[in-house]
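# no FASTA, just this:
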């Protein structure tokens with residue numbers, strides 16, 4: 001349906017994944033199979049669902065996958081809040097990530113809205 005690699009939303013979500021991986025390298029080693037793994041899986045889920053949805057046959061299917069990607073962003077946000085509360089993330093990085101998540105959520109909303117208008 002769409003070439004997902006050309007979608008700005010997919011490109012931006014891939015950048016978020018790279019940032020998440022970079023920042024979680026500094027998390028405590030005892031979190032390797034806990035919070036670090038959860039955060040990375042949530043982040044990777046976003047571009048993965050956008051790509052899978054773009055490969056589907058209908059806009060309705062794509063919208064469902066965009067909804068799943070949005071859910072993963074909320075999951076990621078919650079995990080980052082926990083990380084900040086545990087002092088694994090500093091205020092600057094926390095706010096930077098939340099800003100990127102907010103932008104992606106708006107992009108998803110606008111893409112879904114554009115499907116509804118066509």
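Structure received. Predicted model, so just to flag it, every value in this text is computed and none were measured.
# drop to CA atoms for contacts and neighbour counts, all remaining ones
Fine.
# So for the strand or helix carrying residue 95, what gets flagged as buried?
Taking DSSP states H and E as the definition, residue 95 sits inside helix 91-117. By neighbour count with 16 or more other Cα atoms under 10 Å, helix 91-117 contains the buried residues 94, 97-98, 100-101, 104-105, 107-108, 111-112.
# May I ask which two of the residues you listed are separated the most?
Pairwise distances across the buried residues of helix 91-117 peak at 27.1 Å for 94 and 112 (criterion: Cα to Cα).
# before we move on, what SS does the closest residue to residue 90 other than its chain neighbours have?
Closest residue to residue 90 apart from its sequence neighbours, by Cα to Cα, 6 or more residues apart in numbering: residue 84 at 6.6 Å. State at residue 84, reduced to three classes by DSSP: H, G, I helix; E, B strand; the rest coil: helix.
# again, but for residue 89
Using three-state DSSP, the structure places residue 89 in coil.
# quick one: it and residue 83 touch, right?
Yes - counting by Cα atoms under 8 Å, residue 89 touches residue 83, with 5.9 Å between them.
# How many residues are close by residue 27?
Residues near residue 27, counting by other Cα atoms under 10 Å, number 15.
# got a list of what the spatially closest residue to it that is not a sequence neighbour touches?
Leaving aside its chain neighbours, residue 27 sits nearest to residue 88 (5.9 Å; criterion: Cα to Cα, 6+ apart). Residues near residue 88 by Cα atoms under 8 Å, 6 or more residues apart in numbering: 26-28.
# so which of the residues you listed comes closest to residue 72?
Distances from residue 72 to these, taken by Cα to Cα, are shortest for residue 27, at 20.5 Å.
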